[in-house]
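S.K.: could you look at this predicted model? Sequence included:
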Amino acid sequence: MSATARHRPESSSGHAAADEPGPRRGRNAWLLAAAALSIAPHVTNLPPWVSALCAALLIWYGWRSWRGQAAPARWLLAPIALGAAIGVRLSLGQLLGKTPGLALLAVLLGLKLLESRNMRDIRVVVLLCFFLQFGLFFNNQSLPAAAFALFAALLTLGSQISLADPIAGARERLRLSAVLLVQGLPFMLVFFILFPRAISPLWGIPNDALSISGLSDSMSPGTISELVLSDELAFTAEFDGPRPPPPERYWRGPVLTAFDGRTWRMAGGPMLDRPAYTPSGRRYDYRIMLEPHHQRWLPALDYPAGPVRGVRFTHDFQAVSRAPVDHRMQFRLSAFPRAEAGGDEAPWTLEQSRRLPAHGNPRARGLAARLKAPTPGQTVERILSWLTENDFTYTLQPPLLDENSIDFFLFNTRMGFCEHFAGAFVFLARAADLPARVVTGYQGGRVNPVNGALTLRQSDAHAWAEVWFSGRGWIRVDPTALIAPLRIERGLENSLPAGESLPLMLRPQYQWLRQLRDRWEAVATTWNRLVITYDNRRQRDLLETFGLDPASPPRVFGAIGIASALLLAAFYYWARRRRNTVDPLDRAWARFSARLARRGLARAPSEGPLDYGRRLAAARPADAAALTAICTSYARLRYRPPAPHREICKLIHSVDHLILKEETPRPR
Amino acid sequence: MPPSSIARLMAIAGEIILGKEHELRLALACLLARGHLLIEDVPGTGKTTLAHTLARLLGLQFQRIQFTSDLLPADIIGVSVFERDSATFRFRPGPVFAQLILADEINRATPKTQSALLEAMEERQITADGQTMPLPGPFFVIATQNPSSQVGTFPLPESQLDRFLLRIRLGYPDRAAERKLLQGQDRRELLERTGPALAVSDLLALQDAARTLIVADRLIDYVQALIAATRQSAKFTAGLSPRAGMGLLAAARAWALLEGRDHVLPEDVQRIFPHLAAHRLRLADDGRMPTPDDLARLLQSVWLP
């Protein structure tokens, strides 16, 4: 133990490696590795100077323990600690909070490690390591983060073991700490499932709310074509039954009704518990795992049905979350792709869907007047055929548009992406006096062959149009499908002109990379579903299915207590069995001791067989001969190898046929 | 191995040293395990008598060195004297050249003198004037020490204490033994009339026999667990050394031999342990030696494998 240092005054100032370099250096290396692994994952979130300071402290520690030097003096370390605190205050603006707290913790770990002198210091270091590993989940709750933290915990536990058993080898330490972690696993599960959860995670306030990735609530030329360059995951959907065919995979996002001449925006309106239409046709039930996008809209397969807990619907069939999606969310929805929606639409909605700015885009207005036909259906047909006949190009790199963006696109550039087509189409339809609107969202999705889930990325972002027909309601019209039909059928990578740059993963030569990613995402989806999105709502549901009232803390804590006690009992039983089933001689001896224990003569765990025999003989003079014989025989067989098999059998026989005389109350 | 001779030896020794059978047996085990013995107690409890008795009964060549503060290393080891006749230096061996040495009140001498003896104990040879001379066959040192709190003592440092395999305390005799002591003759006179109970060759044979006793793997496990416990316990500043572990096993073997067994049991280890560990361990709280209670508790905490 490190207390040897106290024992010898000349080496008490530090962990001098001179007298016993092996174990001590080994342990220092472990501590260093554990500390480094605890700090390393935080580096991306900490100010660079904090990371540099931590690295310097760790290197200093490594150097000093390698050279067997004493811990640096307190007067040297105290200013560093103070300076770090002031630096954190200056560079992060505060001392409290998530990032400043983690930064301070990381610096303190480095300092404590450096000045560690005795066992107590090292225990503090170990504790700090555990804290930092826990703190990792403030910023990152992904599976790799958990695996990393677990690995760091393994090493930290290993260094803690080395405190208790300084001579244990590295493999022995690793094995023991792995066993301890595995044994802790069931307890972790019990607490994970049962421990009452806060309404939102402690770390639910995101720092990075500014970097919005995903569709926004407005659209102007270029917004979506920029978005689709990103390969980031938007959401995954797992269907209960078969998946809808690709042409029906329209995931509704923000519906944009208001147009100011350049930008399309959402129109306000009442929130409903269920969308205002009568579901009909085929129904699909599915579960969505949504990546955080910090807005309230939820992607929902057309047309979503309600009611769903925690989800509200706008009058234009958007699903909306009650709070911004700041962390990964999971919810269940159902969809009726073939239902007729909006047959009896409110007049003010229709009025909004016909409204155009008073001025601008005169040529488009003129075109609409020419294309207008007696029936709305014919008008839509004529607009679409005009678009197909006039040689439009589908491209991710549309040229810049001028003030009259619709005119410029329709008559000059004729190159655009889905938002150009959808916007121009809706403009033309409105100019022809048809109620129409732009719908943004995602289209298609790739089936992950590993788990059958539909994966949608930002590159699947799409915009299309909806036109209202009297008596039939809103009908989806996707002009992009006419210009670039492959986009809808086979995805972005097959619909762009040759030579345009695609997101890395969409390029055909990276097939293997995609397969790897499929596997990984299947695992990550399961992890997200089971672990990350297990919030207080799902906990309530789960506890209710077990008949446990989640609102009653005594019952919940009682359940935790009972489950932990059961686990402890199981471990105890397992340990006993393991202990007792080793060999027949031990088993017989255990039986013998157990039998006498029932008579109040239990063998102390440290008591030798002859001592036990003497004690038994003294306590039960009537049986003294038999008891002494068994104890003596056991002692000889156990401690005088090799034990003849016959003798063992004889002993087992005499143990099993031992007849204890009835105890007569002894005089005295 | 002549068990009867051991029994006879014990019986005769028991006549002289009254009521101290356990301590006597420990001393004998220490001797059979080729270790040195430290007896610590207040004056007058029979330390010297015990050493005398062992020397007498085992037929060993006996020397007593009374340690005082002005004792010099040469007083122990010997000195080279110039002989006028041959005009050469001749080494005149000191009292250390004997088979059983009683180093009385060892802690009254200066550390320099102490270490002269202790080196001889460890090396079992003497180097003087560049000449190395082996010490005689069985070489056994019984050192007595007054409790270190007494005036005018140089307490032995831990590293020197480690040279002694076992440390025993004699303590006061019990009532019956003391009465017998008061009624009987002077112990010295009794001893004068007693002859050797064992030949030196018998003793050497017994020492060899003690080394060949059977030790099961389970017992090694137990000894290891015990040593590990001293190292892991927060009660002590440092655990037992590997040398102490080997000594524990050797002494346990000798003890088992005295018990008339050819194999070692955990009980043997447990009997030896308190006398082997006490002077090698220090309590973390106050730096003192652990009490018998501390060691008994430690023994109880280590389960038999």
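M.R.: Nice, thanks for sending it over.

S.K.: how many neighbours does the residue in the stretch 51-200 of chain A that chain B sits nearest to have?
M.R.: Closest residue of the stretch 51-200 of chain A to chain B, CB to the nearest CB: residue A:164 (5.6 Å). Backbone N, C-alpha and C define where each C-beta goes, glycine included. A count of nearby residues for residue A:164, using other CB atoms under 10 Å in any protein chain shown, gives 14.

S.K.: all the helices of chain B, in order from the start?
M.R.: Taking DSSP state H, the helices of chain B run over residues B:3-16, B:21-32, B:47-58, B:73-77, B:111-123, B:158-161, B:175-183, B:187-192, B:200-211, B:217-232, B:242-258, B:266-277, B:292-301.

S.K.: next structured bit after the longest helix seen in chain A?
M.R.: Scanning chain A for the longest helix, with DSSP H as the assignment, gives helix A:553-580. For helix A:553-580, the following helix or strand on the C-terminal side (DSSP states H and E) is helix A:584-597.

S.K.: buried residues in that next one, which are they?
M.R.: A:585, A:586, A:588, A:589, A:590, A:592, A:593, A:596 (16 or more other CB atoms under 10 Å in any protein chain shown).

S.K.: closest to residue B:284 among those?
M.R.: The shortest approach to residue B:284 among those belongs to residue A:593, at 34.3 Å (CB to CB).

S.K.: list the contacts for that closest one?
M.R.: A:602, A:603, A:612 (CB atoms under 8 Å, 6 or more residues apart in numbering or on different chains).

S.K.: and the last one, what's its pLDDT?
M.R.: The reference is to residue A:612. The model reports residue A:612 with a pLDDT of 94.

S.K.: the helix or strand hosting it to helix A:584-597, inter-axis angle?
M.R.: Using DSSP H and E, residue A:612 sits within helix A:609-619. If you take axes from the mean of the first three to the mean of the last three CA atoms, to 10 degrees, helix A:609-619 sits at 30 degrees to helix A:584-597.

S.K.: pick the most buried one from the helices of chain B.
M.R.: A comparison of these by mean neighbour count, using mean count of other CB atoms under 10 Å in any protein chain shown, puts helix B:266-277 on top with a mean of 24.

S.K.: packing partners for that one?
M.R.: helix A:609-619, helix B:21-32, strand B:164-168, helix B:217-232, helix B:242-258, helix B:292-301 (3 or more CB pairs under 8 Å, 6 or more residues apart in numbering or on different chains; DSSP states H and E).

S.K.: so which of those gets nearest residue A:295?
M.R.: The nearest among the helices and strands packed on helix B:266-277, by CB to CB, is helix B:217-232 at 57.3 Å.

S.K.: next one: that closest one to chain centre, how far?
M.R.: 23 Å (CA atoms, centre = their mean, to the nearest Å).

S.K.: what's the angle from the strand or helix carrying residue A:537 to helix A:553-580?
M.R.: Taking DSSP H and E as the definition, residue A:537 sits inside helix A:536-545. For helix A:536-545 against helix A:553-580, the angle by the same axes, to 10 degrees is 70 degrees.

S.K.: where does chain B have its least confident helix or strand?
M.R.: helix B:187-192 (a mean of 78; mean pLDDT, DSSP states H and E).

S.K.: alpha carbons of it, as CSV, please.
M.R.: Extracted in CSV, the C-alpha atoms of helix B:187-192 (Å, rounded to 0.1, in the frame of the first residue of the first chain):
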residue,chain,number,x,y,z
ARG,B,187,16.2,-23.2,38.6
ARG,B,188,20.0,-22.9,37.9
GLU,B,189,20.9,-25.6,40.2
LEU,B,190,18.2,-27.8,38.8
LEU,B,191,19.6,-27.1,35.3
GLU,B,192,23.2,-28.0,36.4
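
S.K.: residue A:444: neighbour count?
M.R.: 21.

S.K.: so how far is residue A:387 from it?
M.R.: Residue A:444 is 21 Å from residue A:387, where distance means CB to CB, to the nearest Å.

S.K.: for chain A, what are the nearby residues on chain B?
M.R.: Applying CB under 8 Å from any CB of the partner chain, we find that chain B lies next to chain A at B:214, B:216-219, B:228, B:231-232, B:234, B:236-239, B:262-267, B:270, B:282, B:284, B:299-304.

S.K.: go again with 7 Å.
M.R.: B:214, B:216, B:218-219, B:231-232, B:237-238, B:263-267, B:270, B:282, B:284, B:299-300, B:302-304 (CB under 7 Å from any CB of the partner chain).

S.K.: quick one, what contacts residue A:79?
M.R.: Contact analysis of residue A:79 by CB atoms under 7 Å, 6 or more residues apart in numbering or on different chains lists nothing.

S.K.: show the backbone phi and psi for it.
M.R.: phi -60, psi -30 (degrees, to the nearest 10).

S.K.: with adjacent residues omitted, what lies nearest to residue 62?
M.R.: In the absence of a named chain, this looks at chain A. Distances taken as CB to CB, 6 or more residues apart in numbering or on different chains place residue A:32 nearest to residue A:62, at 5.3 Å, with adjacent residues excluded.

S.K.: if you could check chain B rather than the one you did, that'd help
M.R.: Nearest non-adjacent residue to residue B:62 (CB to CB, 6+ apart): residue B:55, at 3.8 Å.

S.K.: report pLDDT for residue 196.
M.R.: Answering for chain A, as no chain was given. pLDDT, residue A:196: 80.

S.K.: you looked at the wrong chain, it should be chain B
M.R.: With respect to pLDDT, residue B:196 scores 85.

S.K.: that one contacts residue B:57, doesn't it?
M.R.: Yes. Between residue B:196 and residue B:57 there is a contact under CB atoms under 7 Å: 6.2 Å.

S.K.: any low-confidence regions in the chain?
M.R.: I'll assume chain A. A:1-25, A:165-168, A:198-213, A:488-509, A:579-582, A:662-668 (pLDDT under 70).

S.K.: chain B, not that one
M.R.: Ranges of chain B meeting pLDDT under 70: B:1-3, B:148-150.

S.K.: where do the domain boundaries of it fall?
M.R.: Following automatic domain parsing, chain B resolves into domains at B:1-210, B:213-305.

S.K.: between these, which one is closest to residue A:302.
M.R.: Among the domains of chain B, the nearest to residue A:302 by CB to CB is domain B:213-305 (67.5 Å).
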